[in-house]
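S.K.: A predicted structure for the sequence below; I have some questions about it.
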Amino acid sequence: MNHTKKYVCIVCGYDGLVEPPYGKGGAVSDEICPCCCFQYGLDDYKYEDKKKAFLEWRAEWEHNGYPWFSTSTKPLDHWNPVRQLENVKKHFT
């Protein structure tokens, strides 16, 4: 049985990240979300307000029809990106 803790993507709500997006002291994971393709530490580096980076990336992802990014990590059979976004509200608001 795998007891590894999983973390939630701040952008899309995917709940399978291996590392927390930001650790103690603001350390960045550099992990790429397999769902929305946001890379912590890269796609947010130029933003003083990280929330703006998340909102802009999310809006673009939604505008493009919620595409799944990864070809090696597949979504669950009944994956619902709109329902997944509820994780953002639950964990980050």
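M.R.: Thanks, I have it. Numbering: from 1, shown residues only.
S.K.: any idea how far the closest residue to Lys74 other than its chain neighbours lies from Ser29?
M.R.: Spatial nearest neighbour of Lys74, excluding adjacent residues (C-beta to C-beta, 6 or more residues apart in numbering): Trp68 at 7.7 Å. Every residue, glycine included, has its C-beta placed from N, CA and C. Separation of Trp68 from Ser29 (C-beta to C-beta, to the nearest Å): 20 Å.
S.K.: so what does Tyr22 have for phi and psi?
M.R.: With angles defined as degrees, to the nearest 10, Tyr22 sits at phi -130, psi 130.
S.K.: cool, the one 3 residues further on as well?
M.R.: Its backbone dihedrals place Gly25 at phi 70, psi 10, with angles given as degrees, to the nearest 10.
S.K.: need the pLDDT of it.
M.R.: As predicted, Gly25 sits at a pLDDT of 86.
S.K.: which stretches in the chain count as helices?
M.R.: Ranges of helices in the chain, per DSSP state H, are 50-63, 81-84, 86-92.
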